[in-house]
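Visitor: Have a look at this fold, sequence not included:
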């Protein structure tokens with residue numbers, strides 16, 4: 001379900017090209033106004049919304065270039081629009097300095113079709129505006145007009161504006177909507193920067209938003225996995241809808257005619273194969289994997305309705321191509337014929353997700369999945385567009401977020417479940433023997449299940465087995481350089497199991513490898529590093545970090561390491577037990593005549609940690625414990641007999 005509307009705030013779009021220099025900052029913080037690359041002297045955006053849902057947007061903006069980064073960012077501006085549904089016109093473009101204007105001639109402004117990319121057939125155009133004689137302190141003035149001409153929803157309009165998350169200092173801003181349909185709005189203004197006024201009469205609803213004081217909200221020197229928390233930024237959302245019921249019924253109707261179609265021969269064959277599978281999850285997996293085998297991903301958005309309305313089942317099957325909404329409608333049609341209740345659902349797909357408080361907007365959802373209610377009553381959230389099928393779990397990029405479930409009777413706004421950390425498990429059980437000159441021999445078993453296994457399952461299906469084994473041996477090694485490595489999957493020893501399967505399932509393998517120079521020699525003997533990188537995201541984040549932190553999806557890591565024929569003292573000093581709302585970690589060490597056993601259990605409970613939690617005393621205590629017990633930690637021991 002690709003977004004039908006392709007609107008953007010010019011100031012915010014521009015900010016994507018700008019990156020404030022932060023190498024010299026001592027810590028993560030909000031940027032100061034003096035560090036802006038551009039100054040927006042004024043921006044006025046006026047929408048005129050018609051009764052049928054079509055609209056015209058006129059934008060008038062002036063930027064002042066403050067430094068070289070800003071100059072390069074503004075020198076050539078590009079805008080992309082879908083020619084099926086929009087027209088775009090540059091009314092005026094010029095550069096001013098010291099009272100002299102340098103107008104960009106109409107003949108130098110390009111408006112050309114773009115070739116479709118490998119995943120989407122479309123009719124996108126790109127407009128290029130080459131501003132001339134641009135220097136520091138120049139003023140760039142741009143007026144544009146954009147018309148949306150083919151609404152699929154009558155009496156519908158929605159717009160969401162997020163301010164400040166860029167490198168432009170916003171000095172003067174006005175946003176106005178003159179609408180022939182009634183509007184709702186929701187304002188999030190934590191710093192009281194916006195003034196919103198509305199006026200209603202029998203024919204026109206006018207909404208005007210102006211900036212009361214300068215706004216510049218940009219984070220600098222943030223770590224790699226930190227991202228903006230929408231709750232920290234100024235925003236306003238406008239919509240003709242107060243809930244999803246009306247537009248949900250319209251969207252549901254787009255799919256209903258497809259779901260009533262007779263199954264083409266290929267889909268009927270898949271239905272027949274799946275009908276003999278009694279286990280519900282395996283039955284759904286069977287349908288999904290066969291759809292994957294018969295089609296590849298390609299979105300047909302080269303028509304005015306292609307972004308929201310799927311082609312007929314017959315057209316989809318004949319082409320062997322489908323996008324998310326078309327994979328989903330094929331899956332739902334087959335499952336409904338098997339006695340399941342399958343509904344198309346819109347969702348925002350992406351690894352990082354923090355909920356935004358907004359009004360209904362079809363732009364909120366960029367992807368389509370299927371909500372399946374099985375005959376037993378159990379619910380499954382199925383995304384048939386991946387390389388593998390995982391019906392008994394949920395993919396990370398659709399987990400724990402709002403979802404619009406389409407139904408002609410009543411569209412519902414629900415929530416997908418988070419990944420269950422007890423379901424996504426990776427386990428290592430290994431025995432390590434010390435060799436000469438700090439080398440080791442390692443042998444044992446490795447296993448994955450649930451969400452953790454999906455990438456390895458995909459590799460086994462798509463790549464030669466030899467390459468998968470080599471890659472996994474590198475992962476299992478301690479210094480990424482295994483010698484004399486061997487690895488055998490359990491499925492290789494079982495003729496009844498197919499190792500090249502798209503279905504995510506528990507995996508297990510036995511392995512053996514050697515490595516040189518793993519141990520560090522010291523005046524107390526050999527030191528073995530208790531290696532691992534799972535904790536690095538937690539400890540590298542500054543306490544004053546202004547963004548939320550992504551640490552990976554919920555998961556359990558189990559490690560059991562036995563060191564043969566070694567002894568060590570004070571093992572209890574390395575034992576630990578950590579329990580927090582975000583992470584549990586436990587290590588136990590025991591000594592016997594045969595050697596030393598180290599047992600570790602790590603439970604990642606949350607994938608995202610909000611900025612306010614990062615500043616808490618409890619999180620700081622977690623970091624201190626991770627530094628102490630996991631960062632650069634070693635066991636000092638010597639071989640028996642030495």
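Guide: Yep, it's here. Nothing here was measured: the structure is a model prediction, and the numbers come from that model.
Visitor: which residues of the protein score low on pLDDT?
Guide: For the chain, applying pLDDT under 70 flags the ranges 1-28, 164-166, 495-497, 638-642.
Visitor: so residue 53 touches residue 157, yeah?
Guide: Yes: with contact defined as C-beta atoms under 8 Å, residue 53 counts as touching residue 157 (6.4 Å). All C-beta spots, glycine's among them, are computed from the backbone N, C-alpha and C.
Visitor: now the strands for the stretch 301-450 of the chain?
Guide: In the stretch 301-450 of the chain, the strands defined using DSSP state E, counting those that start in this stretch lie at 321-322, 341-347, 367-373, 379-382, 402-405, 412-415, 425-434, 440-449.
Visitor: Let me have the ones you listed in a markdown table, extended by mean neighbour count.
Guide: Below are the strands of the stretch 301-450 of the chain laid out as a markdown table (neighbours: other C-beta atoms under 10 Å):
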| stretch | mean neighbour count |
| --- | --- |
| strand 321-322 | 22 |
| strand 341-347 | 25 |
| strand 367-373 | 24 |
| strand 379-382 | 20 |
| strand 402-405 | 20 |
| strand 412-415 | 13 |
| strand 425-434 | 18 |
| strand 440-449 | 18 |
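Visitor: Tabulate these (a markdown table), appending distance to residue 167.
Guide: Output for the strands of the stretch 301-450 of the chain, formatted as a markdown table (distance: least, C-beta to C-beta, whole Å):
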| stretch | distance to residue 167 |
| --- | --- |
| strand 321-322 | 40 |
| strand 341-347 | 31 |
| strand 367-373 | 29 |
| strand 379-382 | 38 |
| strand 402-405 | 30 |
| strand 412-415 | 34 |
| strand 425-434 | 40 |
| strand 440-449 | 42 |
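Visitor: and residue 184, how many neighbours?
Guide: 16 (other C-beta atoms under 10 Å).
Visitor: Bridged to it, which residues?
Guide: residue 239 (DSSP bridges).
Visitor: Ok, residue 43 next?
Guide: residue 61, residue 173.
Visitor: Am I right that it is in contact with residue 171?
Guide: No: Residue 43 lies out of contact with residue 171 (C-beta under 8 Å); the separation is 9.2 Å.
Visitor: Identify each of the helices in the protein and give its residue range.
Guide: In the chain, helices defined by DSSP state H lie at 10-15, 68-75, 245-259, 265-275, 280-294, 313-319, 324-337, 454-462, 465-476, 536-540, 611-614, 617-629, listed in chain order.
Visitor: what packs against the second one?
Guide: To tie it back to what came earlier, the one meant is helix 68-75. Counting by 3 or more C-beta pairs under 8 Å, 6 or more residues apart in numbering; DSSP states H and E, the packing neighbours recorded for helix 68-75 are strand 38-49, strand 55-65.
Visitor: and of these, who's closest to residue 611?
Guide: strand 38-49 (25.7 Å; C-beta to C-beta).
Visitor: thinking again about what came up before, neighbour count winner among residue 43 and residue 171?
Guide: The neighbour count for residue 43 versus residue 171, taken as other C-beta under 10 Å, is higher for residue 43 (22 against 18).
Visitor: Kindly provide the distance from that one to residue 546.
Guide: 25 Å (C-beta to C-beta, to the nearest Å).
Visitor: re earlier: quick one: closest of the strands of the stretch 301-450 of the chain to residue 90.
Guide: Residue 90 lies closest to strand 367-373 among those, at 32.6 Å (C-beta to C-beta).
Visitor: got the angle for the closest one vs strand 341-347?
Guide: Interaxial angle, strand 367-373 versus strand 341-347 (axes from the mean of the first three to the mean of the last three C-alpha atoms, to 10 degrees): 150 degrees.
Visitor: elements contacting strand 367-373?
Guide: Strand 367-373 packs on helix 324-337, strand 341-347, strand 379-382, strand 402-405, going by 3+ C-beta pairs under 8 Å, 6+ apart.
Visitor: got CSV for these, with distance to residue 356 too?
Guide: As requested, these are exported to CSV (distance: least, C-beta to C-beta, whole Å):
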stretch, distance to residue 356
helix 324-337, 21
strand 341-347, 14
strand 379-382, 21
strand 402-405, 9
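Visitor: between those, which gets nearest to residue 161?
Guide: Per C-beta to C-beta, nearest to residue 161 of these: strand 402-405, 19.8 Å.
Visitor: in its sheet, what does that closest one sit against?
Guide: strand 341-347 (antiparallel), strand 412-415 (antiparallel).
Visitor: what sits up against the first one?
Guide: What that stands for is strand 341-347. 1, 251-252, 255, 325, 328-329, 331-333, 335-336, 362, 364-365, 367-373, 381, 398, 401-407, 414, 416 (C-beta atoms under 8 Å, 6 or more residues apart in numbering).
Visitor: next one: stretch 368-384
Guide: 1, 280-281, 284, 288, 291-292, 324-325, 327-328, 330-332, 335, 339-347, 367, 389, 391-392, 394-395, 398, 403, 405, 414, 416-417.
Visitor: didn't residue 556 look like it was pressed against residue 419?
Guide: No: counting by C-beta under 8 Å, residue 556 stays clear of residue 419, with 10.7 Å between them.
Visitor: Could you export the strands paired with strand 402-405 as CSV, including distance to residue 319?
Guide: Shown next, in CSV, are these (distance: least, C-beta to C-beta, whole Å):
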stretch, distance to residue 319
strand 341-347, 20
strand 412-415, 32
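Visitor: what about those, which gets the closest to residue 448?
Guide: strand 341-347 (25.7 Å).
Visitor: quick one on the thing from earlier: what's the overlap in contacts for residue 53 and residue 157?
Guide: With C-beta under 8 Å, 6+ apart as the test, residue 53 and residue 157 both reach residue 181.
Visitor: higher neighbour count, these two?
Guide: residue 157 (24 against 18).
Visitor: Next up, phi/psi of the more buried one, please.
Guide: Phi and psi for residue 157, reported as degrees, to the nearest 10, are phi -160, psi 140.
Visitor: and the gap between it and residue 254?
Guide: 19 Å.
Visitor: same question, residue 290
Guide: Taking C-beta to C-beta, one finds residue 290 at 25 Å from residue 254.
Visitor: tally of neighbours for residue 588?
Guide: Residue 588: 16 neighbours (other C-beta under 10 Å).
Visitor: With the one 5 residues further on instead?
Guide: Burial of residue 593, expressed as a neighbour count using other C-beta under 10 Å, amounts to 7.
Visitor: Kindly report the same for residue 45.
Guide: 21.
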